[in-house]
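> next one to model:
(chains A and B)
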Amino acid sequence: MPDPATATVGGFEPRIVAFFCNWCTYTAADLAGVSRMKYAPNIRVIRLMCSGRLDPQFVMAAFAGGADGVLIGGCHPGDCHYVEGNYKALRRVRLLERMLGDLGIEKDRFRLEWISASEGDRVKAVVNEMVEKVRALGPLDMPGKHLEWDKEMEELEAHVNNAQQEVPAR
Amino acid sequence: MSRRIGVYICHCGTNIAGMVDVRAVAEYAAGLPGVALARDYKYMCSDPGQELIKQDIKEHQLDRVVVAACSPLLHEHTFRNATAQGGLNAYFAQMVNIREHNAWVHVEKKSATEKAKDLIRAAVYRVALHKPLEKKEVPINPDVLIVGGGIAGIHAALTLGNAGKKVYLVEREPTIGGHMAKFDKTFPTLDCAACILTPKMTAVKTHRNITMWTYSEVEKVDGFVGNYKVTVRRKPRYVIEDLCVGCSECIEACVYKEAKFPDEFNLELSKRKPVYLPFPQATPLVAVIDPENCIELKRGKCKKTCVEACGDRKAIDFKQEAEVKEINVGTIVLATGFKVFDAKRIPYYHYGKHPGVYTALEIERLVNASGPTGGDLVLRNGQKPKSVAIVHCVGSRDENTNKYCSRVCCMYSLKLAHLIKERTEADVYSFYIDMRTPGKGFEEFYNKVSSEGINLIRGKVADIYPETPGGTNGRLVVQAEDTLLNIMRKVPVDMVVLAVGLEAHPDANDVRRMFNISCSTEGWFLERHPKLAPVNTFTDGIFLAGCCQGPKDIPDTVAQAGAAAAEALALIDAGSIELEPNTAFVVEEECSGCKTCIPLCPYTAISRNEEKKIAVINEALCKGCGTCVAACPSGAIKQNLFEDEEIFEEIKGVLIHA
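Just a heads-up that it's a prediction; the model follows:
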């Protein structure tokens, strides 16, 4: 398997939006940097103070905006800087997973990971693994699907309108 | 509304510029909506770099600032300050992490540059929405809690006490002193540990500003920097501390004529009675009764000769119960120390199975004049060893146990080699992997000891086994490959000393959770920055001292304890601290009063205004996690700096390709 950190650009490169909590996973990603670990460049990290701040709408917005995957990073259970924000994130993520499944978004495109401030190597491993899996799945392209669905809706609407006109008035 | 945003891309020498095409990124940023100017500069954090921001704000009427450089955890405050000095609200600045999260972790310039553009675009979109914010100022309680009464805790307590601060020193064991109290001599000066430690222990006990609670543990910690509320449980010692004078008469009088229970302080190399003093210089010098073994406490049917012996002092109290104390402090110093590696984890060294195998800490007690043998270094059968092997790196620098170097073992092994030679004239063989003696006077000490006729053998010990089957003659063979001579050495000895490494306490994880700080993978408490904030933690107002942060020797421990005390003093003497304004607030007209948020808040900062039928957030209690914001079904709660709109813009920003 090619090393995702060094894989040549060309073909499909997934775009992954990550939401990392300030205290554990964001710090772990900093540690990965300080330790000069190499991982795939497909990830864009957005810093939240706590994974508990994760509004499910953020995930939806990321997918709708063209993300091929969304990664959530929080402190390990019991380690949350804000006591239990990560449990609340977990609750929301579990519910959200079902909804995403219903929307036809594959499981591997959405991932929650507990990564503590000392686990820089874990950031590297998780990002690389996720990039590999999403690359295998191919583009999600929700914006494109939205256009397609809009077009279908328009066609359907036009069809219904036409049909109504064809019915002779009694 | 059109913005005038200034974007700055830092080269960080070649750290960023080596992987990200900073010029191309700056050109790209200049074309983003609302961007008035974009520059790249060698070191943004330098004075001229910051000056650049200040000048541009004035000259180009900038209203927002984006700095793409290192991690915001490192320099966010720097650029907020520069922005404020330029005349804008400090929170009109946004940082983009293109070093730790980009240049340092990627290997391909094109994709790293694209990533930098994406991240900067997100910041530009987001910063346009930033609102002016002010920091909150909260007063700092000047009292300090120190957890752990080893040399680190003692030194920090005395420093703070001498500065006139009220200090609570909490120690789990019945006496302060920690590991250092168990040592005989200290390297490299060979001064006696007790001679330099016990005066400091007494000073703690008698200090008017220090409240010393031994045999006590912290149970709960609430609050935040400047205002911690701590619950301490004082375990019953069944002896009233204020009445006992440490005369030992109760110990003499105990119905157990012979000491028969393992003595923890002497690492079970000797016995004690159910009522005991941990060691002659214990501080406080107050007897302790061990409820597991005391007949009166176990069965209530003892003659209580101890009470009789105590007489009018009436210091013994079998009805004593645990006492729970609640204290308020502004800062906390953690100095909880270490434990030595359990040598039983390496079965082929036969520790705990063969009586001739000792740990170095046990030898410290055996060579100590106040130890179980009165300082005679003898084997368990009472005989002086004629040959002794010292095995370095037991539980250190080992893939199977701990990968790290415990830093002190080479030096204490040299010290023990010297002491063993001096006390017994035995042949001493020291098996080392590398001799690590970096420290003031350490290399000189190594040279001195190696000229004393100690056999230093470079080789990791592969096996230790009895010389005769069943170990009948008591001797052991130490086998190692001598990597300097390239031969296999099998050295028969009477005594093996395992230079055990240092490990984090098994309950370090619980302690860390209680104080809301982080641990490294090895279990050491994590400092805020390995170089620039070595005694700070990620939780403001909590500082680290000594081996709880990682293995270190006594001079380093004391230096770090002094540093932790100074950091605490700096906070206390400032009188107040500024808190980040990233708290949550309720938009009254949007709140439906559904109460979803109330049980979610871990700090009970949210309550309900019954009159208006809406939620109210107490800003002083809110710590800004944003959990309630994410949960509010009406979107009525907002978090400063992390408003939904700001994050949506950021999401949009990282995804829209130009």
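> got the buried residues for the host helix or strand of residue A:153?
Per DSSP states H and E, residue A:153 falls inside helix A:142-166. For helix A:142-166, the neighbour count (16 or more other Cβ atoms under 10 Å in any protein chain shown) marks residue A:142 as buried. For the C-beta atoms, the positions are set from N, CA and C on the backbone; glycine is no exception.
> stretch A:102-116 too?
Those would be A:105, A:109-116, for stretch A:102-116 by 16+ other Cβ under 10 Å.
> give me the subset of the residues you listed touching chain B.
Residues of the buried residues of stretch A:102-116 in contact with chain B (Cβ under 8 Å from any Cβ of the partner chain): residue A:116.
> that older thread, any residue of the helix holding residue A:153 up close to chain B?
No. If you take Cβ under 8 Å from any Cβ as the test, helix A:142-166 misses chain B, and the best it gets is 9.0 Å.
> which strands and helices sit next to that helix?
Packing partners of helix A:142-166 (3 or more Cβ pairs under 8 Å, 6 or more residues apart in numbering or on different chains; DSSP states H and E): helix A:56-64.
> burial count for the closest residue in space to residue B:553 that isn't next to it in sequence?
Closest residue to residue B:553 apart from its sequence neighbours, by Cβ to Cβ, 6 or more residues apart in numbering or on different chains: residue B:408 at 5.0 Å. Residues near residue B:408, counting by other Cβ atoms under 10 Å in any protein chain shown, number 25.
> ok, residue B:408 touching residue B:502?
Yes. Using Cβ atoms under 8 Å, residue B:408 is in contact with residue B:502, at 6.9 Å.
> joint contacts of these two?
residue B:551 (Cβ atoms under 8 Å, 6 or more residues apart in numbering or on different chains).
> now do the SS call for the spatially most central residue of chain A.
Residue closest to the average C-alpha location in chain A (Cα atoms, centre = their mean): residue A:70, at 1.2 Å. At residue A:70 the chain is in strand, as set by DSSP: H, G, I helix; E, B strand; the rest coil.
> the worst-scoring helix or strand of chain A on mean pLDDT: how far from the chain's middle?
Taking mean pLDDT, DSSP states H and E as the measure, chain A has helix A:142-166 as its least confident helix or strand, at a mean of 91. Taking Cα atoms, centre = their mean, to the nearest Å, the mean C-alpha location of helix A:142-166 is offset from the chain mean by 29 Å.
> returning to that earlier point: separation between the residue nearest to the centre of chain A and residue A:15?
10 Å (Cβ to Cβ, to the nearest Å).
> same thing with residue B:370?
68 Å.
> and for residue A:45?
Taking Cβ to Cβ, one finds residue A:45 at 12 Å from residue A:15.
> between these two, point out the one with more neighbours.
Taking neighbours as other Cβ under 10 Å, residue A:45 and residue A:15 compare with residue A:45 leading, 24 against 21.
> which strand or helix spans that one?
Here residue A:45 is assigned to strand A:43-48, by DSSP H and E.
> ok, and what's touching that strand?
Contacts for strand A:43-48 (Cβ under 8 Å, 6+ apart): A:15-22, A:26, A:29, A:54, A:58, A:71, A:127, A:131, B:72, B:97, B:101, B:115, B:118-119, B:122, B:626, B:642, B:647, B:650-651, B:654-655.
> what's the domain layout of chain A?
A:13-138, A:140-170 (automatic domain parsing).
> tell me which of these sits nearest to residue B:447.
Between residue B:447 and these, the tightest spacing by Cβ to Cβ is seen for domain A:13-138, at 35.9 Å.
> wait, doesn't residue B:140 sit right on residue B:578?
No. Using Cβ under 8 Å, residue B:140 is not in contact with residue B:578, being 10.9 Å away.
> more neighbours: the two, which one.
residue B:140 (20 against 11).
> do you know the pLDDT at the more buried one?
At residue B:140, the pLDDT value in this model is 95.
> ok, now how distant is it from chain A?
For residue B:140, the distance to chain A (Cβ to the nearest Cβ, to the nearest Å) stands at 21 Å.
> can you pull the contacts of residue B:175?
B:149, B:181, B:214, B:278-279, B:282-284.
> hmm, I was thinking of residue B:552
So residue B:552 contacts B:407-408, B:546, B:560 (Cβ under 8 Å, 6+ apart).
> redo the residues you listed as CSV? Include secondary structure and pLDDT.
Conversion of these to CSV gives the following (DSSP: H, G, I helix; E, B strand; the rest coil; pLDDT from 0 to 100):
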residue, secondary structure, pLDDT
B:407, coil, 96
B:408, coil, 97
B:546, helix, 97
B:560, helix, 98
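> pLDDT weak spots in the chain?
With no chain named, the answer covers chain A. Applying pLDDT under 70 to chain A picks out residues A:1-10, A:168-170.
> that's the other chain; I wanted chain B
Residue ranges of chain B with pLDDT under 70: B:1, B:657-658.
> how about the strands in chain A?
Secondary structure of chain A (DSSP state E): strands at A:16-21, A:43-48, A:69-74, A:110-114.
> keeping just the C-alphas, turn the second one into PDB.
Output of strand A:43-48 as PDB, limited to C-alpha atoms (Å, rounded to 0.1, in the frame of the first residue of the first chain):
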ATOM      1  CA  ILE A  43      -7.400  17.000   6.200                       C
ATOM      2  CA  ARG A  44      -8.600  20.500   7.200                       C
ATOM      3  CA  VAL A  45      -8.900  20.900  10.900                       C
ATOM      4  CA  ILE A  46     -11.400  23.200  12.500                       C
ATOM      5  CA  ARG A  47     -10.700  23.900  16.200                       C
ATOM      6  CA  LEU A  48     -13.600  23.700  18.700                       C
END
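> ok, that strand: who's next to it in the sheet?
strand A:16-21 (parallel) (DSSP bridges).
> from the chain's centroid, how far away is the partner strand?
That offset, for strand A:16-21, works out to 8 Å (Cα atoms, centre = their mean).
> output it as CSV, nothing but the C-alphas.
These are the backbone C-alpha positions of strand A:16-21, laid out as CSV (Å, rounded to 0.1, in the frame of the first residue of the first chain):
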residue,chain,number,x,y,z
ILE,A,16,-11.8,15.6,4.9
VAL,A,17,-13.0,18.2,7.4
ALA,A,18,-12.0,17.5,11.0
PHE,A,19,-13.4,19.0,14.2
PHE,A,20,-10.8,18.7,16.9
CYS,A,21,-11.2,19.7,20.5
